[in-house]
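Visitor: When you get a sec, could you give me coordinates for this:
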Amino acid sequence: MSLVYAGICCHAPGITNRPETANPSDLSELKKQFEVLREEIEATSPAAIVMISSEHFGNFFNNNMPTFAIGMANYYEGPIEDPDWLGIPKVRVPGNQELSRRLIQNILNDAEVSFSEEWKFDHGMMVPLHHVTPDYDTPIIPVNINCQAPPLTPLQRAYEFGVALRKAIDALPENIALLGTGGTSHWPCTPDSGKINTEWDEVFLKRWSDNDIGAMTAYSDEDILQDAGSGALEIRTSIAVAGAAGGHGEIRFYRPIPVFACGCLIATMSID
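Guide: Residues are numbered from 1 along each chain as shown. Below you'll find the model as predicted:
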């Protein structure tokens, strides 16, 4: 078939690591919106969920850092972190090597990607999966965009990667859902951890919802680091989803939750 669903969500480890520290109403609404996301994805009966995330030096490091990478395995294990710390038990997440191979072959017509047959999922994958596929019964095709080790791909290229991904997905006969995970403003592993620039987040999310390519990709990395922290370099994952979906977004949930060190986010985008 083609791309049947597109959305984005946060993946802060605090959501599962220390949920009791959040405002109860914030946590309740966040969980509710994750559940809606799960129900909507399940309703499309996807053969796989393509999940675009940012890797946190769990598999790729500066000695071998692909700009774009796609998993090509029949299963993936996670979390790579201590499961007691993350609050998610170790599981084997299903993949689909043959489907991944066809997707990669398709996308190579329009974009350069690396692939990996070994991939241990960190919180960037596991926190969303814990909520969206709690039974781990839907194959996952992981996609990584380098968001942490400069030189980083320009934001425009992240959007173009999304366009190429959409073309590759639409060439498949299966239903495919797409979920991007990452953060807006946050300052992880720094003295400013817990700081959130809500105004910056809201401006970016408006640009994303409008699928305003020029505005969405106008940020320089220097400005992002100054105004929104290193964690906001992850907007590349959301931008790629916008490129793939091509429609307009609906912000289902956005609230700054300092104890989770970010603004928590769930949104969907229509497919044009």
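Visitor: only C-alpha atoms for contact and neighbour calcs from this point on.
Guide: Fine.
Visitor: quick one: low-confidence parts of the stretch 1-150 of the chain?
Guide: Across the stretch 1-150 of the chain, the ranges flagged by pLDDT under 70 are 1.
Visitor: now the helices: where do they sit in it?
Guide: 14-17, 24-43, 83-86, 97-107, 123-132 (DSSP state H, counting those that start in this stretch).
Visitor: so can I have JSON lines of those showing distance to residue 227 and mean neighbour count?
Guide: Formatted as JSON lines, these follow (distance: least, C-alpha to C-alpha, whole Å; neighbours: other C-alpha atoms under 10 Å):
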{"stretch": "helix 14-17", "distance to residue 227": "22", "mean neighbour count": "21"}
{"stretch": "helix 24-43", "distance to residue 227": "25", "mean neighbour count": "16"}
{"stretch": "helix 83-86", "distance to residue 227": "28", "mean neighbour count": "14"}
{"stretch": "helix 97-107", "distance to residue 227": "34", "mean neighbour count": "18"}
{"stretch": "helix 123-132", "distance to residue 227": "22", "mean neighbour count": "23"}
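Visitor: how about TSV for these, with distance to residue 268 added?
Guide: Below are the helices of the stretch 1-150 of the chain laid out as TSV (distance: least, C-alpha to C-alpha, whole Å):
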stretch	distance to residue 268
helix 14-17	20
helix 24-43	8
helix 83-86	26
helix 97-107	22
helix 123-132	14
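Visitor: what residues are up against the spatially closest residue to residue 133 that is not a sequence neighbour?
Guide: Spatial nearest neighbour of residue 133, chain neighbours left out: residue 38 (6.8 Å); criterion: C-alpha to C-alpha, 6 or more residues apart in numbering. Shown in contact with residue 38 (C-alpha atoms under 8 Å, 6 or more residues apart in numbering): 131-133.
Visitor: do that again at 10 Å, thanks
Guide: 32, 128-129, 131-134 (C-alpha atoms under 10 Å, 6 or more residues apart in numbering).
Visitor: related to what we said a few turns ago, if we compare the helices of the stretch 1-150 of the chain, which one ends up closest to residue 53?
Guide: Nearest to residue 53 among the helices of the stretch 1-150 of the chain is helix 123-132; the distance by C-alpha to C-alpha comes to 6.1 Å.
Visitor: Next, the buried residues of the helix or strand harbouring residue 235.
Guide: Assigned by DSSP states H and E, residue 235 falls within helix 235-245. Neighbour-count burial for helix 235-245, counted by 16 or more other C-alpha atoms under 10 Å, picks out 235-245.
Visitor: Reformat the residues you listed into TSV and put distance to residue 21 and pLDDT next to each item.
Guide: What follows is those, written out as TSV (distance: C-alpha to C-alpha, whole Å; pLDDT from 0 to 100):
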residue	distance to residue 21	pLDDT
235	26	98
236	29	98
237	27	98
238	27	98
239	30	98
240	32	98
241	31	98
242	32	98
243	35	98
244	35	98
245	35	98
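Visitor: what's across from the spatially most central residue of the chain in the sheet?
Guide: With distances taken as C-alpha atoms, centre = their mean, residue 181 lies nearest the centre of the chain, 1.9 Å away. With DSSP bridges applied, residue 181 shows beta-bridge pairing to residue 9.
Visitor: got the contact list for it?
Guide: 7-12, 51-54, 124-125, 127-128, 234-238, 241, 265-266.
Visitor: go on, residue 209?
Guide: By C-alpha under 10 Å, 6+ apart, the neighbours of residue 209 are 203, 216, 242, 247-251, 267-270.
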